[in-house]
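Student: just a sequence and a predicted model for now, questions to come.
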Amino acid sequence: MTTITSRTPRRGMTWVDFTVAAGVLVLGYLILQVGKGTTVNVDPADVSGVNTDPSQLPYYAARSLLRMFVALGASVLFTFVYAYAAARSRRLERILIPALDILQSVPVLGFLAITTTGFIALFPGSMLGLELASIFAIFTSQAWNMTFGFYASLTSLPRELDEVSRSFGFTRWMRFWRIELPSGAIDLIWNGMMSFAGGWFFLVASEAISVANHNYTLPGVGSYAGAAIGDGDLGKVGWAILTMAVMVIAVNFLFWRPLTAWAEKFKNEQSEATHVQRSLVLDFLRRSHWPALLGRFLAPVREAVNRAGRIFGRDDRPLSVDPAKRRVGDIVFGVIATALIAWGLFDLLRYLDDNTGLGVFGEPLALGLVTLLRVVVLVAVATVIWVPVGVKIGFSPRLAKIAQPIVQVLASFPANFLFPLAMWFFLRTGLDINIGCIFLMALGAQWYILFNTIAGAMAIPSDLKEAMDDLGVRGWQRWKRLIIPGVFPSYVTGGITASGGAWNASIVAEVVTFSGTTLTATGLGAYIFKATEEGDFPRLLAGVAVMSLYVVGLNRLFWRRLYRLAENRYSL
């Protein structure tokens, strides 16, 4: 990997060091002040309104940002544990990856309907219960994409890196921390960026919770926008859009841009790239003494963690296992897993049979076919449009610097924010909502393909690009020999999450409401939306189960085959 030599820190504190220290202290103070509002004593039943005075937007923006970053931290921890377990255990993989397909297919509203009451009961008389419900909803819109991406990087680790770990006798912890995590850092950061945008997309649903005819509203930009849309106040909707744009650009400049520039050092290449991504914030931090001082301060902690990691064993496990022992273990594991799944399905079917009868599956199964058609059209069109664009951006650091904040803003806007424009356009042009909702679904799905393609193109070693240039390989041959093999694994990850994201986005895209006017499309998303608002849990469970069936079926029959192809044939 390309190494970056650090300059020897200069003696004495400079104005850069004082600026960085002041910035960290101010940030910590703001987090403490904003965090106080999450634990105030309040009856959740009384949390049903939001102040739409524009002067409240800075505070609301801070509350929304706090939720987003807490959810992102939880998503990163979940990604490391879940993806590693699935990648390292062949038996767990058979359970965890299909389960991830199901989790990805469960809409945010489905999680809210199930978890909100539980979180409120867990913290009675406190705002913290609703805050955790909101954060958990944002977590469910972030975690699955990151987990799929990191799992893909773990299972497609370059052979030479695997051999380095085994030949040097690394512990499993050292293999993860020194080899696997750096190897997947670029994909993880870009998928984290996309997942963060996915959290913005469902911000209205996670801050203005409507479950079983009860409305719970938390202070935030999403709830502010939801209230302004409900009132039909275009001016206040405009203020919400402006605030959202400022937040997205600021987070990109202060957080994501430094991370993507820092991750350049993890490229697996023999020659240094001609152009690399730069970040003013990262360059400023590198001029400070604090990173070096922090590194020295944490050195004993790092050594202690490395010693503690020895309990996980060394990375010298045999590549071959006795077939008889493996077969017996597979049978035992399969019997236990099948029994647990069968028990869960039997309990679900018994509950539905007692309340509505099993005929409740008929309507969502038929409606699911309509939504399936929309998902297929969306993914196909997004592939044709965004894969070439993503490759162009990924191959050009200068273009990536310009395009990244633009794409971030576009990917982060909740569909609800555009409901006034969508309503006006549908009514003015006479466009059927059944077709128009595809464009709204695309707002929450197509970007997964673009972001993963960019990450895949950026991860292609510069020496391979230079070799193609030296050989004069252009046009289709360049795509066939370099670009498609290089971006295909990342594209498949993006395709899987885009497909699941499209199903999830159908919940908010198939029902468009503005100022008392509602347009409803025919589809499974609208079915689940209506069941959630009415608190009809049997229909909600049936709708979520059918959506999971469609998503898992599509992944098993199509995307997983492409994933295996990417893993076995197109791994760099």
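Tutor: Cool, the structure landed.

Student: run through the neighbouring helices and strands of whichever helix or strand residue 553 is part of.
Tutor: Per DSSP states H and E: residue 553 is located in helix 537-554. Under the contact definition 3 or more CB pairs under 8 Å, 6 or more residues apart in numbering; DSSP states H and E, helix 537-554 sits against helix 90-105, helix 108-122, helix 323-355, helix 362-395, helix 484-509, helix 524-534. From N, CA and C alone the C-beta is placed, and that goes for glycine too.

Student: dump the ones you listed into JSON lines; add mean neighbour count as well.
Tutor: Formatted as JSON lines, the helices and strands packed on helix 537-554 follow (neighbours: other CB atoms under 10 Å):
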{"stretch": "helix 90-105", "mean neighbour count": "18"}
{"stretch": "helix 108-122", "mean neighbour count": "19"}
{"stretch": "helix 323-355", "mean neighbour count": "12"}
{"stretch": "helix 362-395", "mean neighbour count": "19"}
{"stretch": "helix 484-509", "mean neighbour count": "27"}
{"stretch": "helix 524-534", "mean neighbour count": "24"}
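
Student: of these, which is nearest residue 234?
Tutor: The stretch from those with the least distance to residue 234 (CB to CB) is helix 484-509; that distance is 19.5 Å.

Student: angle of the closest one against helix 362-395?
Tutor: Calculated by axes from the mean of the first three to the mean of the last three CA atoms, to 10 degrees, helix 484-509 forms an angle of 140 degrees with helix 362-395.

Student: how far does the helix or strand that comes right after helix 484-509 sit from the chain's center?
Tutor: Following helix 484-509 in sequence order, the next helix or strand is strand 511-514 (DSSP H and E). Relative to its parent chain, strand 511-514 has a centroid offset of 25 Å by CA atoms, centre = their mean, to the nearest Å.

Student: in its sheet, what does strand 511-514 sit against?
Tutor: Strand 511-514 pairs in its sheet with strand 517-520 (antiparallel), by DSSP bridges.

Student: related to what we said a few turns ago, wait, which of the helices and strands packed on helix 537-554 is closest to residue 233?
Tutor: Nearest of those to residue 233, taken as CB to CB: helix 484-509 at 19.8 Å.

Student: pLDDT of that closest one, averaged?
Tutor: Averaged across helix 484-509, pLDDT comes to 83.

Student: separation between residue 487 and residue 311?
Tutor: Residue 487 sits 38 Å away from residue 311, taking CB to CB, to the nearest Å as the criterion.

Student: helices of the stretch 201-350 of the chain, residue ranges please.
Tutor: 203-207, 221-231, 234-251, 257-262, 280-286, 290-308, 323-355 (DSSP state H, counting those that start in this stretch).

Student: redo those helices as JSON lines? Include distance to residue 123.
Tutor: Output for those, formatted as JSON lines (distance: least, CB to CB, whole Å):
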{"stretch": "helix 203-207", "distance to residue 123": "17"}
{"stretch": "helix 221-231", "distance to residue 123": "19"}
{"stretch": "helix 234-251", "distance to residue 123": "27"}
{"stretch": "helix 257-262", "distance to residue 123": "33"}
{"stretch": "helix 280-286", "distance to residue 123": "36"}
{"stretch": "helix 290-308", "distance to residue 123": "32"}
{"stretch": "helix 323-355", "distance to residue 123": "27"}
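
Student: redo those helices as a markdown table? Include mean pLDDT and distance to residue 136.
Tutor: Formatted as a markdown table, the helices of the stretch 201-350 of the chain follow (pLDDT from 0 to 100; distance: least, CB to CB, whole Å):
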| stretch | mean pLDDT | distance to residue 136 |
| --- | --- | --- |
| helix 203-207 | 79 | 9 |
| helix 221-231 | 82 | 15 |
| helix 234-251 | 86 | 21 |
| helix 257-262 | 86 | 24 |
| helix 280-286 | 85 | 30 |
| helix 290-308 | 78 | 29 |
| helix 323-355 | 75 | 21 |
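
Student: give the full set of residues in contact with residue 20.
Tutor: Residue 20 is in contact with 284, 285, 288, 290, counting by CB atoms under 8 Å, 6 or more residues apart in numbering.

Student: select only the buried ones of these in PyMOL?
Tutor: The buried subset of the contacts of residue 20, as determined by 16 or more other CB atoms under 10 Å, is captured in PyMOL by this line:
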select buried, resi 285+288+290
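
Student: for residue 266, state which of the contacts of residue 20 is nearest.
Tutor: residue 285 (17.6 Å).

Student: look up how far residue 144 lies from residue 83.
Tutor: 11 Å.

Student: which helix or which strand is home to the closest residue to residue 221 other than its chain neighbours?
Tutor: Closest residue in space to residue 221, ignoring its immediate chain neighbours: residue 64 at 4.7 Å, by CB to CB, 6 or more residues apart in numbering. Under the criterion of DSSP H and E, residue 64 resides in helix 57-88.

Student: for that helix, buried residues please.
Tutor: For helix 57-88, burial by neighbour count (16+ other CB under 10 Å) applies to 57, 60-72, 74-76, 78-80, 82-84, 86-88.

Student: which other helices and strands does it contact?
Tutor: helix 15-36, helix 90-105, helix 128-155, helix 185-201, helix 203-207, helix 221-231, helix 234-251.

Student: other SSEs contacting the helix or strand following the third one?
Tutor: By that I understand helix 128-155. Once the chain leaves helix 128-155, the next helix or strand it forms, by DSSP H and E, is helix 159-167. Helix 159-167 sits against no helix or strand, with contacts defined as 3+ CB pairs under 8 Å, 6+ apart.
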